[in-house]
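Undergrad: sequence and predicted structure, then a few things I'm wondering about:
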Amino acid sequence: MYICLCHAVTDKAIHEAVDRGVSSYSELAFNTGCGTQCGSCARTARQIFNEAVEARSELSLPVISNSALAAA
Ligand code: FES
């Protein structure tokens, strides 16, 4: 589902960003542009970001770095 229409950011993209190691909402915004144009998505994007961080911490999954993906 699209969360940010201005930058075509989906909820899946937010979860994937967290999986890659994005650890703050401001870092998510910097990397995806989410919430940086009209701002109407910011509240929902932050909520999904927080849920993704919480889900990841509950599972104790390792962070997947871009360099690890490139090596595969
Ligand atoms: Fe996300 Fe506009 S919908 S910045």
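TA: The structure has been received and is ready for your questions.
Undergrad: out of everything not next to it in sequence, what's closest to the residue nearest the centre of the chain?
TA: The residue lying closest to the centre of the chain (C-alpha atoms, centre = their mean) is Ile14, at 2.7 Å. Leaving aside its sequence neighbours, Ile14 sits nearest to Ile48 (C-beta to C-beta, 6 or more residues apart in numbering; 5.0 Å). (Each C-beta comes from the backbone N, C-alpha and C, glycine too.)
Undergrad: the one you found touches Asp11, doesn't it?
TA: Yes. With contact defined as C-beta atoms under 8 Å, Ile48 and Asp11 form a contacting pair (5.2 Å).
Undergrad: the more surrounded of the two?
TA: Using other C-beta atoms under 10 Å as the criterion, Ile48 and Asp11 rank with Ile48 on top: 23 against 17.
Undergrad: mind checking how far that one is from the ligand?
TA: To the ligand, Ile48 is 12 Å away according to C-beta to the nearest ligand atom, to the nearest Å.
Undergrad: same question for Thr32.
TA: Taken as C-beta to the nearest ligand atom, the span from Thr32 to the ligand is 9 Å.
Undergrad: and the residue nearest to that residue when sequence neighbours are not counted, its phi and psi?
TA: In this structure, Thr32 finds its nearest non-sequential neighbour in Val9, 4.8 Å apart by C-beta to C-beta, 6+ apart. The phi and psi values for Val9, taken as degrees, to the nearest 10, are phi -100, psi 130.
Undergrad: who are the contact partners of Val9?
TA: Tyr2, Ile3, Thr32, Gly33, Cys34, Cys41, Ala45 (C-beta atoms under 8 Å, 6 or more residues apart in numbering).
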